[in-house]
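Got a predicted structure here, sequence first:
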Amino acid sequence: MSITVNLYYTGENGNARKFAEEMERSGVADRIRAEEGNLKYEYFIPVNLPETVLLIDSWKDQDAIDKHHASPMMGEIAYLREKYDLHMRVERYISDEIGMPDHDKSFIRE
């Protein structure tokens, strides 16, 4: 069972994008990707929300998330969130481990 968290960072004057760029440039994002149990850590910019950046953050299980939240990196992330005056909206999903049903695969072009 993996857990995926979608975090929507919203700011003003491009601050959400600046935050994501600094997370990448500073190496914090790469350090998170290297943490045990991290499955995905990627930033996206929603076309209809130009002042928002979406982070898709996936973990092996809750224990991996808890270890990440207890790491010193959380202080760095909190500092950057404050620096760029960001607000957050969070969605959390737990995988069903079944995978995509065959009847849905016909809608996917690979």
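In hand now; what should we look at?

And the helix or strand of the chain with the lowest mean pLDDT, what does it pack against?
Among the helical and strand segments of the chain, the one scoring lowest on mean pLDDT, DSSP states H and E is helix 102-105, with a mean of 82. Helix 102-105 is packed against no helix or strand, with contacts defined by 3 or more Cβ pairs under 8 Å, 6 or more residues apart in numbering; DSSP states H and E. Backbone N, C-alpha and C define where each C-beta goes, glycine included.

Off-centre distance for that helix?
Counting by Cα atoms, centre = their mean, to the nearest Å, helix 102-105 is centred 27 Å from the centre of its parent chain.

And for it, what's in contact with it?
Under the contact criterion Cβ atoms under 8 Å, 6 or more residues apart in numbering, helix 102-105 has no outside partners.

now do stretch 24-35
23, 38, 41, 43, 57, 64, 67-68, 71, 73, 76-77, 80.

again with stretch 75-83
With contacts defined as Cβ under 8 Å, 6+ apart, stretch 75-83 is touched by 9, 19, 22-23, 26, 28, 88.
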